[in-house]
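Asks: Sharing a model that was predicted from the sequence below.
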Amino acid sequence: MKYQALAQDILSHVGGRENIVSLVHCATRLRFRLKDNKKADAEGLKTNPGVIMVVESGGQFQVVIGNNVNEVWLAVRSEAGLTDDTPAADDEHIEKPNLLGRLIDVVSAIFTPFIGILAASGILKGLLALAVVCNWLTVDSGTYKIWFAASDALFFFFPLVLGYTAGKKFGGSPFITMVIGGALTHPLMLQAFDASRVSGAPADFFLGIPISWFNYSASVIPIILAAWVSCWLEKQGKKFLPSAVKNFFTPLICLAVTVPLTFLVIGPVATWLSQLLATGYQMIYGVAPWLAGAAMGAAWQVCVIFGLHWGLVPLMINNLSVLGQDSMVPMLLPAVMGQVGAAFGVFLRTRDTRQKVLAGSAAMAGIFGITEPAVYGVNLPLRRPFIFGCVAGSIGGAIVGFSNSHVYSFGFANIFTLAQMIPPGGVDTTLWGGILGTLVAMALSFVLTLVAGLPARSAAQSSVNIVVGENEIHAPMSGTVLALDQVPDSTFASGLLGEGVAIIPSGTRVIAPFAGEVASLFQTKHAIGLLSESGIEVLIHVGIDTVKLGGEPFTAYVKVGDRVQAGDLLLEFDRKAILAAGFDLATPIIISNSDSYRSVTTVDATSVEAGMPLLTVNRN
């Protein structure tokens with residue numbers, strides 16, 4: 001119920017249940033495939049305070065939520081009536097993305113369902129490596145063996161997990177494709193592979209066709225291709241077989257055909273392709289690793305913004321599967337920490353209360369690899385911090401590349417990646433180079449942002465550059481100016497509470513109209529009283545009769561007694577919720593002690609921007 005209103009708003013802005021083809025989520029984003037992206041309202045959805053950003057990329061409509069994405073995903077599924085058994089929508093009229101978009105869509109749909117456990121397994125592997133290097137554990141101890149099994153199980157049985165998610169993505173039975181993955185890792189097949197490596201071992205045949213044995217545990221590409229073939233066969237079987245037998249003959253055909261085909265053709269070809277990709281990457285990396293690091297450090301967060309980073313995930317996993325190590329993940333760590341450092345810089349520099357809270361929480365999430373809140377909520381809107389983060393990431397990435405740093409287990413770049421970079425032989429210069437590059441990126445972006453990261457901004461963002469005279473009250477919000485006697489409430493319209501004006505807000509934020517102190521804050525957070533340094537008392541009352549809402553649409557960022565500067569964020573409110581409840585949004589701005597002044601003058605304008613002059617008191 002906590003996210004019901006947000007889920008309903010998201011559904012309405014993506015075109016409703018009937019426009020949804022599929023919905024998955026990753027660490028921070030809801031990823032929709034829609035029948036018609038033109039029916040979605042990205043700009044309208046961005047105004048919801050529960051949404052960090054909306055991105056359309058790779059054929060997906062991506063709604064960035066943050067750390068609570070799983071709860072929101074469940075709420076959206078519940079509101080839309082989506083379940084795991086919900087049939088996919090007829091895709092005859094679905095807009096088809098380009099080739100790159102299809103690739104990103106396939107990869108993200110296959111890997112995102114288990115992204116959390118994938119990262120957790122890699123982190124546990126890294127911590128075990130650290131424990132061994134520090135002599136806290138030995139590889140022969142029972143403790144190590146049990147934790148190693150926990151960390152390695154996902155990677156060893158990758159074909160089973162990928163078989164399930166690939167089967168769902170390709171529109172077939174995920175249990176059939178999971179069984180195919182199980183066949184690839186069956187003990188009998190692993191024994192056959194071990195036996196084939198013995199010199200002089202006899203060849204094995206399937207119906208007279210020679211078999212080339214490979215170890216498919218931890219492999220990625222073979223099962224994905226095999227799942228696609230199986231799902232195609234399954235669709236043909238359901239189409240042509242009689243209804244009386246298709247429920248068990250279709251799986252029979254899929255297993256009897258796809259498993260041998262995988263061992264005879266798909267597996268060897270996919271293995272060759274995997275080795276080719278790994279070798280090609282190593283050749284490019286070997287030419288100038290520092291340049292590769294600089295490029296990855298600079299471009300990674302840009303790729304994340306557009307969801308293009310998913311295209312590189314299989315390559316990272318493939319490197320680990322084929323080479324036993326990967327150099328790409330360490331080069332990404334400075335890119336992540338560059339944005340973290342920039343967010344910390346904003347946290348210390350800004351005087352905007354809301355921005356400070358957001359920057360602090362975003363920076364902490366970024367340390368653990370979740371950079372979307374920092375990028376979308378803090379750095380990118382301010383521009384300079386994001387640029388500084390990319391520049392620092394590039395310099396740090398160059399240091400990491402020059403140091404030839406690698407990881408030896410998979411995990412998305414975060415603070416625990418440092419543990420995953422410990423070589424099997426123990427700590428060496430490659431690890432120290434990775435640490436140095438990471439620290440340089442974080443420190444450089446932090447200093448640059450602290451010194452020059454916050455340019456002149458609008459009053460709605462910060463109190464910087466807002467100068468309010470001692471007799472002036474600036475607009476606490478943007479919107480249409482309404483004479484006080486036009487307010488649909490006789491108490492305000494009569495001037496009983498004091499002289500002033502009203503604004504029909506166009507946004508959702510209330511900022512301080514001058515420097516002073518928070519004198520009062522209603523428990524329902526719909527109204528706030530302020531006292532300026534020159535003695536002006538002001539009441540800002542958001543909406544008419546909104547006290548009846550019990551405070552639900554309102555969020556306060558200050559408390560009674562707080563000192564504020566002009567432009568500091570005081571309140572936020574949910575426009576749609578207030579209007580949907582049937583209340584008027586007209587917001588009176590009243591000078592409570594107007595009797596102490598000769599007169600009060602209102603700005604001669606029909607509309608006003610937050611932070612611009614609104615009222616002037618004329619003293620005796």
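Replies: Cool, the structure landed.
Asks: Poorly predicted segments of the stretch 451-600 of the chain, please.
Replies: By pLDDT under 70, the low-scoring segments of the stretch 451-600 of the chain are 455-468.
Asks: I meant the stretch 301-450 of the chain, not that one.
Replies: Low-confidence segments of the stretch 301-450 of the chain, defined by pLDDT under 70, are located at 306-308, 352-354.
Asks: what sits against residue 209?
Replies: Remark: with contacts taken as CB atoms under 8 Å, 6 or more residues apart in numbering, residue 209 is in contact with residue 264. Backbone N, C-alpha and C define where each C-beta goes, glycine included.
Asks: try 10 Å this time
Replies: With CB atoms under 10 Å, 6 or more residues apart in numbering as the criterion, the residues that contact residue 209 are 260, 263, 264, 265.
Asks: do the same with residue 251
Replies: Residues near residue 251 by CB under 10 Å, 6+ apart: 172, 173, 175, 176, 179, 230, 233, 234, 237.
Asks: sec struct for the residue lying closest to residue 419 once chain neighbours are set aside, please.
Replies: Excluding its sequence neighbours, the residue lying closest to residue 419 (CB to CB, 6 or more residues apart in numbering) is residue 126, at 3.4 Å. With DSSP: H, G, I helix; E, B strand; the rest coil as the basis, the three-state label of residue 126 is helix.
Asks: that older thread, can you add secondary structure and neighbour count and give the contacts of residue 251 back as a markdown table?
Replies: Formatted as a markdown table, these follow (DSSP: H, G, I helix; E, B strand; the rest coil; neighbours: other CB atoms under 10 Å):
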| residue | secondary structure | neighbour count |
| --- | --- | --- |
| 172 | coil | 24 |
| 173 | coil | 18 |
| 175 | helix | 12 |
| 176 | helix | 23 |
| 179 | helix | 20 |
| 230 | helix | 30 |
| 233 | helix | 21 |
| 234 | helix | 23 |
| 237 | helix | 18 |
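Asks: Now flag whichever of the residues you listed is closest to residue 389.
Replies: Sorting those by how near they are to residue 389, with CB to CB, puts residue 172 at the top with 41.9 Å.
Asks: mind checking how far the closest one is from residue 271?
Replies: Shown here: residue 172 relative to residue 271, a distance of 23 Å by CB to CB, to the nearest Å.
Asks: and what of residue 365?
Replies: As for residue 365, its distance to residue 271 is 38 Å (criterion: CB to CB).
Asks: for residue 334, same thing?
Replies: With the distance defined as CB to CB, residue 334 ends up 33 Å from residue 271.
Asks: now residue 617, what's its secondary structure?
Replies: strand.
Asks: And residue 334 and residue 271? Which one has more around it.
Replies: More crowded of residue 334 and residue 271, by other CB atoms under 10 Å: residue 334, with 38 against 19.
Asks: Is that one part of a helix or strand, or is it coil?
Replies: Going by three-state DSSP, the secondary structure assigned to residue 334 is helix.
Asks: who does the strand or helix carrying residue 294 touch, helix- and strand-wise?
Replies: Taking DSSP states H and E as the definition, one finds residue 294 inside helix 289-305. Here helix 289-305 is seen to pack against strand 53-57, helix 267-287, helix 328-349, helix 372-374, helix 384-402, helix 429-452 when contacts are counted using 3 or more CB pairs under 10 Å, 6 or more residues apart in numbering; DSSP states H and E.
Asks: For residue 151, see how far away the residue nearest to residue 419 is.
Replies: From residue 126 over to residue 151 (counting by CB to CB), the distance is 9 Å.
Asks: shared neighbours of the two, anything?
Replies: Overlap between the neighbourhoods of residue 126 and residue 151 consists of residue 409, taking contacts as CB under 10 Å, 6+ apart.
Asks: list the contacts for the residue nearest to residue 419?
Replies: Neighbours of residue 126 in contact, by CB under 10 Å, 6+ apart: 151, 407, 408, 409, 411, 416, 417, 418, 419, 420, 421, 422.
Asks: what sits against the residue nearest to the fourth one when sequence neighbours are not counted?
Replies: Closest residue in space to residue 409, ignoring its immediate chain neighbours: residue 125 at 3.6 Å, by CB to CB, 6+ apart. Going by CB under 10 Å, 6+ apart, residue 125 touches 147-148, 150-152, 155, 407-411, 416, 419-420.
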